[in-house]
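A.B. asks: using only what follows, build the 3D model:
(one chain, ligands or ions: 2)
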Amino acid sequence: MNDFRIGHGYDVHRFATDAAEGMQKLGGVNVPVKYPLLAHSDGDVVLHAIADAILGALGKGDIGEHFPDSDDAWAGADSAELLRSVWAQAKVAGYQLGNLDVTIVAETPKISPHKAAMKDVIAHVLGADMNRINIKATTTERLGFVGRKEGIGTHAVVLLCRAQ
Ligand SMILES: Nc1ccn([C@@H]2O[C@H](COP(=O)(O)O)[C@@H](O)[C@H]2O)c(=O)n1
Ligand SMILES: C[C@@]1(CO)OP(=O)(O)OP(=O)(O)OC[C@H]1O
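C.D. replies: Numbering: from 1, shown residues only. Ligands and ions are numbered 1, 2, ... in the order given. Presented below is the predicted three-dimensional model:
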């Protein structure tokens, strides 16, 4: 008999429109952007949503509880390290990744050229096969805050399983 746990994560970060063009970590990958994302950490909205989905599946709250943005320890933090720390909790509890499905909601930047690299990083952090991870991207057809290029959102759904 297997024990299955499902979790959903959602995160949004706004573009720092007063900052210079440069690189933004998304899904653990450096992606060229017109504006970086405003955040306490490196602002990797994709990895934050994944971490929240895993915490949801484990019934362990959200990343803000584990890595408060009032704590200088997480200022400029590498979100891959935050995800690694969250995943360690899943491993200790005996869970493996069933599958992970991610939807990045962004008018810009174009995500498709970076999907394979993102999957590679995420699979590595989660110690999982790449075929258990899917990354999608969509615009909002110029509607809403994403459509106005004010920020990026990401949804993540995860299934964890362990033998009982
Ligand atoms: N930031 C994005 C947004 C979308 N894509 C890719 O384009 C396809 C079409 O997007 P729609 O919003 O018109 O559905 C989408 O399926 C993605 O493959 C992207 O790479 N980056
Ligand atoms: C990642 C953390 C780290 O302090 O801060 P931010 O990078 O601001 O990201 P957010 O998703 O707003 O909050 C979660 C925090 O844990």
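A.B. asks: hey, let's count contacts and neighbours off CA atoms from now on
C.D. replies: Noted.
A.B. asks: so which strand or helix has the residue positioned nearest the centre of the chain?
C.D. replies: Nearest to the geometric centre of the chain sits Leu47, at 2.0 Å (C-alpha atoms, centre = their mean). Assigned by DSSP states H and E, Leu47 falls within helix 45-58.
A.B. asks: avg pLDDT for the helix or strand just after that helix?
C.D. replies: Scanning forward in sequence from helix 45-58 by DSSP H and E, the next helix or strand is helix 63-66. In this model, helix 63-66 has a mean pLDDT of 98.
A.B. asks: just the buried residues of stretch 154-164, please?
C.D. replies: 154-162 (16 or more other C-alpha atoms under 10 Å).
A.B. asks: likewise stretch 8-26?
C.D. replies: Quick answer for stretch 8-26 (16+ other C-alpha under 10 Å): 8-16, 24-26.
A.B. asks: anything in that stretch near ligand 1?
C.D. replies: No. Contact of stretch 8-26 with ligand 1 (C-alpha under 6 Å from any ligand atom) is absent, the minimum separation being 11.3 Å.
A.B. asks: convert the C-alpha atoms of that stretch to CSV, please.
C.D. replies: Taking Å, rounded to 0.1, in the frame of the first residue of the first chain, the C-alpha atoms of stretch 8-26 are listed here in CSV:
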residue,chain,number,x,y,z
HIS,A,8,-0.1,23.0,-4.6
GLY,A,9,2.1,26.1,-4.5
TYR,A,10,1.6,29.5,-6.0
ASP,A,11,3.9,32.5,-5.9
VAL,A,12,4.2,35.9,-7.5
HIS,A,13,7.0,38.4,-7.7
ARG,A,14,6.9,41.9,-9.2
PHE,A,15,9.5,43.3,-11.6
ALA,A,16,11.8,45.9,-10.1
THR,A,17,11.2,48.4,-12.9
ASP,A,18,13.8,50.8,-11.5
ALA,A,19,16.6,48.2,-11.8
ALA,A,20,18.8,47.6,-14.7
GLU,A,21,18.4,44.9,-17.4
GLY,A,22,20.2,41.7,-16.3
MET,A,23,19.8,38.1,-15.3
GLN,A,24,17.0,36.6,-13.2
LYS,A,25,17.1,33.1,-11.6
LEU,A,26,14.0,31.3,-12.8
